[in-house]
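Peer 1: Give me coordinates for this.
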Amino acid sequence: MGEIEGTYRILQTPGSRLGAQKTSGVSTLEPGQNLLTAMASSPAKAHERDLPVKIRMLDNTVEVLDIESKCYGQTLLTEVYKHLNLIESDYFGIEVQNIQSYWIWLEPMKPVIKQVRRPKTTMLRLAVKFFPPDPGQLQEEYTRYLFALQIKRDLAEERLTCSDNTAALLVSHLLQSEIGDFDESEDQEHLKTNRYLPNQEKLEGKILEFHRKHVGQTPAESDFQVLEIARKLEMYGIRFHLASDREGTKINLAVSHMGVLVFQGNTKINTFNWSKVRKLSFKRKRFLIKLHPEGPYQDTLEFLLGSRDECKNFWKICVEYHTFFRLFDQPKPKAKAVFFTRGSSFRYSGRTQKQLVDYIKDSGMKRTPYERRHSKVRASTRTSNTDVPKQSVPFTEGLRTPGSPASTAAPLHSVHSLTSPTSVLPMFAEPSPSSLDPRAPYTRIADKTTAAPVEEVGRKLMQQPGSPVLQGLPVDHAQLSSLVLKSPLGLSPAFQVNAVPQGSSPLLSPVLSDAGGARIEEDDEMKRKRCPTDKAYFIAKEILATERTYLKDLEVITVWFRSAVIKENAMPEGLMTLLFSNIDPIYEFHRAFLKEIEQRLSLWEGRSNAHMKGDFQRIGDVLLRNMRTLKEFTSYLQKHDEVLTELEKATKRLKKLEMVYKEFELQKVCYLPLNTFLLKPIQRLMHYKLILGRLCKHYTAEHRDFADCRSALKEVTEMTSQLQHSLIRLENFQKLTELQHDLIGIDNLTAPGREFIREGCLYKLTKKGLQQRMFFLFSDMLLYTSKGVTGTNQFKIHGHLSLHGMLVEESENEWSVPHCFTIYSAQKTIVVAASTRLEMGKWMEDLNVAIEMAKKSTEKSEMLLENSVCNRSNRSSDEVSVEQESEDDIHSSRSSLDRQSHHRANTTMHVCWYRNTSVSMADHSAAVENQLSGYLLRKFKNSNGWQKLWVVFTNFCLFFYKTHQDDYPLASLPLLGYTVSCPVEADGIQKDYVFKLQFKSHVYFFRAESKYTFERWMEVIKRATSSPARSSLLLPKEKDTHTD
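Peer 2: Numbers count the residues shown, from 1 in each chain. A predicted model of the protein is given here:
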């Protein structure tokens, strides 16, 4: 095969989470040498500046910079950053067009004249190189302004593709930033002379309509809105590289903060996360991704690019992205080989994102003034200081030496003196008297201990309307538009982003930074003292928190999924009517109900009408009134069975709908399997019943709220008794359809009469020893599977055993394998081992119960089994050896673009696989009853500060959001296998209401606001993550498991 030309081994790092063990990469600098001294020692005529280079800035101004003829790329980069007074410079780079007219990045460690063919006539341009997933990670207002200009450029060049509504919304925020508040004639004139979109004339009406709603918004706020909307788009920061896969299919490769992406057209079809990639390499035109081995095998994916240069260029970008986002430290120097070198020596030479964030946070750098070239109304006032700030930022602190080239200023044509403490005004820019607008909110704080609380600043500045119109959702249908715009959380004149007083810290991401943790705690202590302490208040607050999450879950169907099927015209009219005519009225009811609860809690807390507070310290009357109204929707809820069944049938029948369904499940907003959301309305009734039961138990019979709560409980109990049987059936059907999507090799898993019992990981004894397998137990059969080794993550069925005539025996002594038992069936005998004795007991008990049930069944189950499992060859299952299974698995997983498969990370089967555990249907039912939402403070084991996050617990998993208004989670933590407890003295936690989650060496601390919420979080997590007593769903007499 020959030598690989370039390789890059992916170092295992914890990703973007801070506070973990640090890992370093590799650099090509000599030992003891840094980046700037390396360039200083390179041969060049001292101070010889004879090469004018033209650079187009992000605001479209062209600057001419004189540099030495043999200077390195880093020198040019440094001079540009110096001219711009750019502090967060590592996010940016300079692009140059190569012979094929592709834009490539200027390399810092190579001379400019070796990278630019005709330096005197070539136009270079400044551009954003690294796109962070969250604009809150950008600490500087000026940096966000430049990012917004990059989004503007991408829109104009059709790189950032999106729906017409989203494009119009983005342009409206750009208009607000550039010309200020809405004025129809001025807007129209500005749009005539400025081109934002290729089809701008067609969207002019929508642009003006959106711009009208941004009155009072400052340029800085508008920039942030542009970035918030853009980051949620699939094409945010994406730069395509044309390629083809092993089968010759034309695709596009791209790289982002999360890994290497594969697109077909503009549709993302695969993601290879950095955590799954072991090595990246290229040989000639072939780009190779070596994945971490899954089990005893490993896989290498291969893509073919247009030329060796294109292949190497993409490889370099991948190396840089991985280092910037995944490593914590600047790569250390690597000693050069004495005799021979092998492959490319290219490595990323700049600061990582972690280093950059820490530098900005710790240095106390003063903000330097800047002028917005386009802004006619308001300009930001990055507060000036009489001390002249440093004009460029070194790549590492304390790196620059007085004699280094980076410390020598380069003359810039048509630019004012950089030593002036006044604003730097680019060409043709006119200073505006309104540039000292007091609304411009950001100034740098030198002392980080005075930083504003992260959550308070974040809540004021990042508050987004709940309507997906503002989040970049394509709303191109009258029915959908009217539904969304009616939302009280939607586009309303009340949407005003509050200005933050000068001196507050701008938009720190609660995920990336724990700055301001002390102030968060102080503010929470103040709130705790002001808020009511009655247990009934906290129960009411739980209703409010879970109702907010429930409404967001309904929007996944009523807004997001509706938009997806309308956009592609993928769903038949009859099914559209059946689905949305059932769920829309329920959604409308709960919107009004949520508003009523919010108003009552506001009165209860005394935030409004304080003199009437005493009359509103109750919730029973609100619940009773709404439970009576909700009874009218029982007929809608009873149709959910039909809706779920018809949707599954249509998905199987219509390929277009199936494709939309699968692609929608890959979207961030669909954080659970899609059909799970259809069960939420019935499950919510069970939650009301449990919450009302707790309220009635808390109150005395004489309490004024008791009678209303008891009546409301009676109303909801009547509804749940009618729907209980339907819910159990639907939960089983939902689980079967979920498994149908994730298993390869079975056609009709949802056959009538089949019930799901347990899924989990066991080790099967083979000729090669114990092999990890995923087992699925149903009422009529046992399946065992193995996991694919590509990014698709589906499980392939290797064998099926009928329960008819099956026998299970413990066999630890016979095989000398811990927690081992033998399964005898008519087809074959297999020996399996569980991870613990407890797991073995669960499996054996469920198997024996299922075998007893199968004995009572008829021959029908055998027919179902034969019709369900695909027999892909003429061999019987006992003729297929383990070695043959494994080889088949490798070949079936080779294709990097298996379109029939997709990966949903939050399905329980994947968690069971990695945690070596299992989950039963009884566990699923218990998890449905134990769901919770609310704000918690989170702390990692080795971090100092607490981060305030909105946390949702559902489906055995914690989902983390910045605020309750966010449409999708930032991260998730599956809790199967975790233990929940109180901190011990060795943990060093001196706070009240803290609970600890631990799985092996992974430790997290969470802090609740009150004793009640602390106990509730402990209770629901314990109940959902530990198996309940066997309330087998198989036995009809025990089906009513939901009791008060």
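Peer 1: contacts for stretch 539-555?
Peer 2: 466, 468, 583, 586-587, 590-591, 593-594, 597-598, 600-601, 604, 619, 623, 677, 680-681, 684, 687, 691, 694-695, 698, 931-934, 952, 954, 964, 967, 1012-1013, 1016 (CB atoms under 8 Å, 6 or more residues apart in numbering). For glycine as for every other residue, the C-beta is placed from the backbone atoms N, C-alpha and C.
Peer 1: got the contact list for Leu578?
Peer 2: 639, 642-643, 646.
Peer 1: from those residues, which is closest to Ile557?
Peer 2: Within these, proximity to Ile557 (CB to CB) peaks at Val643, which comes in at 10.0 Å.
Peer 1: so Leu743 touches Thr785, yeah?
Peer 2: Yes - using CB atoms under 8 Å, Leu743 is in contact with Thr785, at 6.5 Å.
Peer 1: picking up where we left off before, ok, and the most crowded of the contacts of Leu578?
Peer 2: Among these, the one with the most neighbours (other CB atoms under 10 Å) is Val643, at 20 neighbours.
Peer 1: looking at this, that one is in a helix?
Peer 2: Yes - using DSSP: H, G, I helix; E, B strand; the rest coil, the secondary structure at Val643 is a helix.
Peer 1: Confirm for me that it is in contact with Leu678.
Peer 2: Yes - counting by CB under 8 Å, Leu678 is a contact partner of Val643 at 6.4 Å.
Peer 1: what's the overlap in contacts for the two?
Peer 2: Ile583.
Peer 1: how much space between Met123 and Ile94?
Peer 2: For Met123, the distance to Ile94 (CB to CB, to the nearest Å) stands at 11 Å.
Peer 1: Neighbour count for those two, which is higher?
Peer 2: For Met123 versus Ile94, the count of surrounding residues by other CB under 10 Å is larger for Ile94: 23 against 12.
Peer 1: hmm, back to that, quick one: which of the contacts of Leu578 is nearest Ser163?
Peer 2: Among the contacts of Leu578, and counting by CB to CB, the member closest to Ser163 is Val643, at 26.9 Å.
Peer 1: got a list of what the closest one touches?
Peer 2: Residues near Val643 by CB under 8 Å, 6+ apart: 578-579, 582-583, 678.
Peer 1: Now with 7 Å, please.
Peer 2: 578-579, 582, 678 (CB atoms under 7 Å, 6 or more residues apart in numbering).
Peer 1: Name the member of the residues you listed that has the highest neighbour count.
Peer 2: Counting neighbours by other CB under 10 Å, Leu579 leads the contacts of Val643 with 25 neighbours.
Peer 1: Could you point out the helix or strand that follows the strand or helix carrying it?
Peer 2: Per DSSP states H and E, Leu579 falls inside helix 573-605. Downstream of helix 573-605, the first helix or strand assigned by DSSP H and E is helix 620-630.
Peer 1: what residues does that next one touch?
Peer 2: 589, 593, 596-597, 600, 688, 692, 705, 708-709, 711-712, 715-716.
Peer 1: Next: stretch 808-822.
Peer 2: 765, 823, 829, 831-834, 836-837, 839-840, 844, 847-848.
Peer 1: Now do stretch 140-148, average pLDDT.
Peer 2: In this model, stretch 140-148 carries a mean pLDDT of 91.
Peer 1: actually stretch 843-850, sorry about that
Peer 2: 93.
Peer 1: Looking at Leu743 and Thr785, which one has more neighbours?
Peer 2: Thr785 (25 against 18).
Peer 1: Tell me if I'm right that that one and Lys796 touch.
Peer 2: Yes - between Thr785 and Lys796 there is a contact at 5.9 Å, judged by CB atoms under 7 Å.
Peer 1: wait, isn't Ala536 in contact with Lys697?
Peer 2: No - using CB under 7 Å, Ala536 makes no contact with Lys697, being 10.9 Å away.
Peer 1: Between the two, which has more neighbouring residues?
Peer 2: Applying other CB under 10 Å to Ala536 and Lys697 shows that Ala536 carries more neighbours, namely 21 against 10.
Peer 1: what helix or strand does that one sit in?
Peer 2: helix 535-555.
Peer 1: I'd like the average pLDDT over that helix.
Peer 2: 93.
Peer 1: packing partners for the next helix or strand after it?
Peer 2: Where DSSP H and E defines the elements, the next helix or strand beyond helix 535-555 is helix 562-568. If you count contacts as 3 or more CB pairs under 7 Å, 6 or more residues apart in numbering; DSSP states H and E, helix 562-568 packs onto helix 478-485, helix 655-665.
Peer 1: mind listing what Val260 touches?
Peer 2: Counted by CB under 7 Å, 6+ apart, Val260 has contacts 253, 272, 277, 289, 318.
Peer 1: Buried residues, stretch 997-1010. List them.
Peer 2: For stretch 997-1010, burial by neighbour count (16 or more other CB atoms under 10 Å) applies to 997, 1003-1010.
Peer 1: how far does that stretch stretch from start to finish?
Peer 2: Chord length of stretch 997-1010, first to last residue, is 18 Å (CA to CA, to the nearest Å).
Peer 1: how is this structure carved up into domains?
Peer 2: 51-128, 135-231, 240-332+343-356, 535-741, 751-860, 931-1025 (the TED database).
Peer 1: where do the helices sit along the stretch 151-300 of the chain?
Peer 2: For the stretch 151-300 of the chain, helices defined by DSSP state H, counting those that start in this stretch occupy the ranges 164-179, 184-193, 200-211, 219-231.
Peer 1: And for the shortest one, what's in contact with it?
Peer 2: Contacts with helix 184-193, where a contact means CB under 7 Å, 6+ apart, come from 175, 179, 200, 204, 207-208, 211.
Peer 1: let's see it at 10 Å
Peer 2: 171-172, 175, 178-181, 183, 196-197, 200-201, 203-204, 207-208, 211-212, 374, 376-377 (CB atoms under 10 Å, 6 or more residues apart in numbering).
Peer 1: Please export the C-alpha coordinates of it as PDB.
Peer 2: What follows is helix 184-193, C-alpha atoms only, in PDB (Å, rounded to 0.1, in the frame of the first residue of the first chain):
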ATOM      1  CA  GLU A 184     -40.000  51.900   6.000                       C
ATOM      2  CA  SER A 185     -38.600  54.300   3.500                       C
ATOM      3  CA  GLU A 186     -35.100  54.200   4.900                       C
ATOM      4  CA  ASP A 187     -35.200  50.400   5.000                       C
ATOM      5  CA  GLN A 188     -36.300  50.100   1.400                       C
ATOM      6  CA  GLU A 189     -33.600  52.600   0.200                       C
ATOM      7  CA  HIS A 190     -31.000  50.600   2.200                       C
ATOM      8  CA  LEU A 191     -32.100  47.300   0.700                       C
ATOM      9  CA  LYS A 192     -31.900  48.800  -2.800                       C
ATOM     10  CA  THR A 193     -28.200  49.700  -2.400                       C
END
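Peer 1: Which positions in it come out as buried?
Peer 2: Buried-residue list, helix 184-193, by 16+ other CB under 10 Å: 187, 190-191.
Peer 1: same check, this time on the longest one
Peer 2: Buried residues in helix 164-179, counting neighbours by 16+ other CB under 10 Å, are found at 165-179.
Peer 1: Hey, what's the angle from that helix to helix 184-193? Just curious.
Peer 2: On the basis of axes from the mean of the first three to the mean of the last three CA atoms, to 10 degrees, helix 164-179 is oriented at 100 degrees to helix 184-193.
Peer 1: Could you pull up the mean pLDDT of helix 164-179?
Peer 2: Mean predicted confidence for helix 164-179 is 92.
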